[in-house]
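Colleague: Predicted model and sequence follow; I will ask about them next.
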Amino acid sequence: MSLRDSNRMDKKDQNYFLNREESPFESMPKDKEDLAQAFRRSHPPVRASSGSTEDSREGIKESSKGGEFGKRDRQNLQKILQSNSIFKRILIAQAFAILCLTVLVSFVFYSNFGIKRQCEKMARQILDLQEAYNGLILQNTGEEVVGTESVEMTDGTDKSTKGRKTAASGEKSDVRYVYLTFDDGPSSKTEKILDILDRYGVKATFFVCGKKAYEGEYKRIVEEGHSIGMHSFSHSYGKLYASLDSFQTDLHKLQNYIYDLTGVWTTYYRFPGGSSNTTSKVNMQELKDYLGREHITYFDWNVYGGDGVSSDVIVRNVTANITRYDECMILFHDANDKESTVEALPRIIEYIQSLDNTVIVPITDKTEPVQHHK
């Protein structure tokens, strides 16, 4: 357009420029601050509520197409967003790695302690069932070791019988001997059991484990004239039956522990799960032979009250089978959760004392042991 043509602008166009509040050139940013303000006016901040970082970047790109910022500024902004996105991804990766490490550590810890503990618990339950099975087999078959025994009677006299047979064989002796034996103690129930035995004036045998919280109970057992035997220090089948060495270590640890507390060097033993258990990784005959070399006698049982059952069931199981034997070795459990033993014991003692020619005695060095497999 020439100068002449510009002068020929019609009046309407001239008024358009004169009536505007500001010239279009006045709205252009003059420095960096104005440039930033202009960018903020034309590019409102994009809030990433539920969209991804890519959506936010696209939104900014679209909003900046018609703005007053240059291409270089848009590129710089995109680089900043990209660097933030990378930083976030790094944080997420680190958090994920920490989570995986935590899960791995927890798994290893649970594998070493939780699973192991559960396996030992299951093994204990299996052996408890096996104890019940062995007791029932003996009750049904009448199998028992036969021999000569000399024991001290409660009245102070000494009675000896030779070749006493079980009642199931059809030959009965003059006197029936009943042995009350308690496994797994001492426990919170031991004092109650000892009180009951004292009230009825009878002596029993306690096959104990290693429990430092009950040192007074060990001493009271011996002081009141009861026999004390070993039932393993740990009562952990996994440790006890892992090898012959582990069995020997456990055995002598308990033997010395009992001696230090009571002054009694006991030579009586009862295998956890019985001498016929199939859980041991070591051949049970090796363990029996080792006890023989150490002059230690092991005792099983031929009458079983039951485990985890009511006191009424215990009473029925015991009283129904006592008269089948001239030598009756009864297995009870002495543990914190065995209140049923405490409840059943008075009735069982009263029943035994009501039988003719029947006495309750503790195990002695001359007691011929009841053994599942000899």
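Modeller: In hand now; what should we look at? Numbers count the residues shown, from 1 in each chain.
Colleague: For the chain, which segments are assigned as strands?
Modeller: For the chain, the strands defined by DSSP state E occupy 149-152, 158-161, 176-183, 205-208, 227-230, 268-269, 297-298, 303-304, 327-333, 358-360.
Colleague: which one of the ones you listed lies closest to residue 280?
Modeller: strand 297-298 (13.2 Å; CB to CB). Heads up, the C-betas are built off the backbone N, CA and C, glycines and all.
Colleague: Identify the residues contacting that closest one?
Modeller: With contacts defined as CB atoms under 8 Å, 6 or more residues apart in numbering, strand 297-298 is touched by 267, 268, 269, 270, 271, 275, 288, 291, 369, 371.
Colleague: Now render the residues you listed as JSON lines, adding neighbour count, distance to residue 180 and pLDDT.
Modeller: Converted to JSON lines, those look like this (neighbours: other CB atoms under 10 Å; distance: CB to CB, whole Å; pLDDT from 0 to 100):
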{"residue": "267", "neighbour count": "14", "distance to residue 180": "20", "pLDDT": "98"}
{"residue": "268", "neighbour count": "23", "distance to residue 180": "14", "pLDDT": "98"}
{"residue": "269", "neighbour count": "23", "distance to residue 180": "18", "pLDDT": "98"}
{"residue": "270", "neighbour count": "25", "distance to residue 180": "13", "pLDDT": "98"}
{"residue": "271", "neighbour count": "25", "distance to residue 180": "19", "pLDDT": "97"}
{"residue": "275", "neighbour count": "22", "distance to residue 180": "20", "pLDDT": "95"}
{"residue": "288", "neighbour count": "17", "distance to residue 180": "24", "pLDDT": "96"}
{"residue": "291", "neighbour count": "19", "distance to residue 180": "23", "pLDDT": "98"}
{"residue": "369", "neighbour count": "20", "distance to residue 180": "15", "pLDDT": "95"}
{"residue": "371", "neighbour count": "20", "distance to residue 180": "18", "pLDDT": "94"}
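Colleague: check contacts around the closest residue to residue 305 other than its chain neighbours.
Modeller: Nearest residue to residue 305 in three dimensions, chain neighbours excluded: residue 314, at 4.0 Å (CB to CB, 6 or more residues apart in numbering). Neighbouring residues of residue 314 by CB under 8 Å, 6+ apart: 305, 306, 332, 340, 341, 344, 348.
Colleague: out of those, who's nearest residue 322?
Modeller: Distance to residue 322, by CB to CB, is smallest for residue 348 among the contacts of residue 314, at 8.5 Å.
Colleague: Model confidence for that closest one, exactly?
Modeller: Looking at residue 348, its pLDDT stands at 98.
Colleague: From residue 294, how far out is it?
Modeller: Residue 348 is 33 Å from residue 294, where distance means CB to CB, to the nearest Å.
Colleague: What is the neighbour count of residue 210?
Modeller: Each residue near residue 210 was counted by other CB atoms under 10 Å, and the total is 18.
Colleague: ditto for residue 350
Modeller: Look at residue 350: counted by other CB under 10 Å, it has 10 neighbours.
Colleague: same question, residue 234
Modeller: With neighbours defined by other CB under 10 Å, the count for residue 234 comes to 16.
Colleague: thinking it is in contact with residue 250, fair?
Modeller: Yes - Residue 234 is within contact range of residue 250, at 5.8 Å (criterion: CB atoms under 8 Å).
Colleague: Mind listing the shared neighbours of those two?
Modeller: residue 240.
Colleague: Show me where the stretch 51-200 of the chain dips below the pLDDT cut-off.
Modeller: Where the stretch 51-200 of the chain drops to pLDDT under 70, the residues are 51-84, 109-173.
Colleague: Closest one of the contacts of residue 314 to residue 86?
Modeller: Each of those was scored against residue 86 by CB to CB, and residue 340 proved nearest at 67.8 Å.
Colleague: separation between the residue nearest to that closest one when sequence neighbours are not counted and residue 217?
Modeller: Leaving aside its sequence neighbours, residue 340 sits nearest to residue 311 (CB to CB, 6+ apart; 4.4 Å). Distance of residue 311 to residue 217, given as CB to CB: 22 Å.
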